[in-house]
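Trainee: no FASTA, just this:
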């Protein structure tokens, strides 16, 4: 089954839920002294999000695929996709929360 990137982006993934939870946590840390832009321009946020995506993919690889190297290239591509998706979800959720709190 050949899926496009947009189908993978809009389908449910556990990584998307992790990205939303991370965005809620980061948003709860913002204050007037530390606005959300300080977090957005910090590369540590994106590194931590990518590490969470890799950890989730490794956990799924161990539990579901039993740690086999049969389709390792497929798992590697899924890991890269998860890293991109978690960062997109993180940014979208943070921007949504920023807009909601700014204009409401």
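Mentor: Nice, I can see it. This is a predicted model, so every value here is computed, not measured. Residues are numbered from 1 along each chain as shown.
Trainee: and residue 95, its phi and psi?
Mentor: Main-chain torsions, residue 95, degrees, to the nearest 10: phi -70, psi -40.
Trainee: what about it, how many neighbours?
Mentor: 13 (other C-beta atoms under 10 Å). Heads up, the C-betas are built off the backbone N, CA and C, glycines and all.
Trainee: which of the helices or strands spans the residue nearest in space to the middle of the chain?
Mentor: Centroid-nearest residue in the chain, with C-alpha atoms, centre = their mean: residue 86, separated by 1.5 Å. Assessed by DSSP states H and E, residue 86 sits inside helix 72-103.
Trainee: what is that helix packed up against?
Mentor: helix 5-10, helix 14-29, helix 36-40, helix 43-63 (3 or more C-beta pairs under 8 Å, 6 or more residues apart in numbering; DSSP states H and E).
Trainee: which of those sits closest to residue 78?
Mentor: Nearest to residue 78, of all the helices and strands packed on helix 72-103, is helix 43-63, at 6.2 Å by C-beta to C-beta.
Trainee: report pLDDT for the residue lying closest to residue 61 once chain neighbours are set aside.
Mentor: In this structure, residue 61 finds its nearest non-sequential neighbour in residue 75, 5.7 Å apart by C-beta to C-beta, 6 or more residues apart in numbering. What the model reports for residue 75 is a pLDDT of 87.
Trainee: residue 75 is in contact with residue 62, isn't it?
Mentor: No - counting by C-beta atoms under 8 Å, residue 75 stays clear of residue 62, with 10.9 Å between them.
Trainee: excluding its backbone neighbours, what's nearest residue 78?
Mentor: Nearest residue to residue 78, sequence neighbours excluded (C-beta to C-beta, 6+ apart): residue 57, at 6.2 Å.
Trainee: between helix 43-63 and the helix holding residue 86, find me the angle.
Mentor: Taking axes from the mean of the first three to the mean of the last three C-alpha atoms, to 10 degrees, one finds helix 72-103 and helix 43-63 inclined to each other by 140 degrees.
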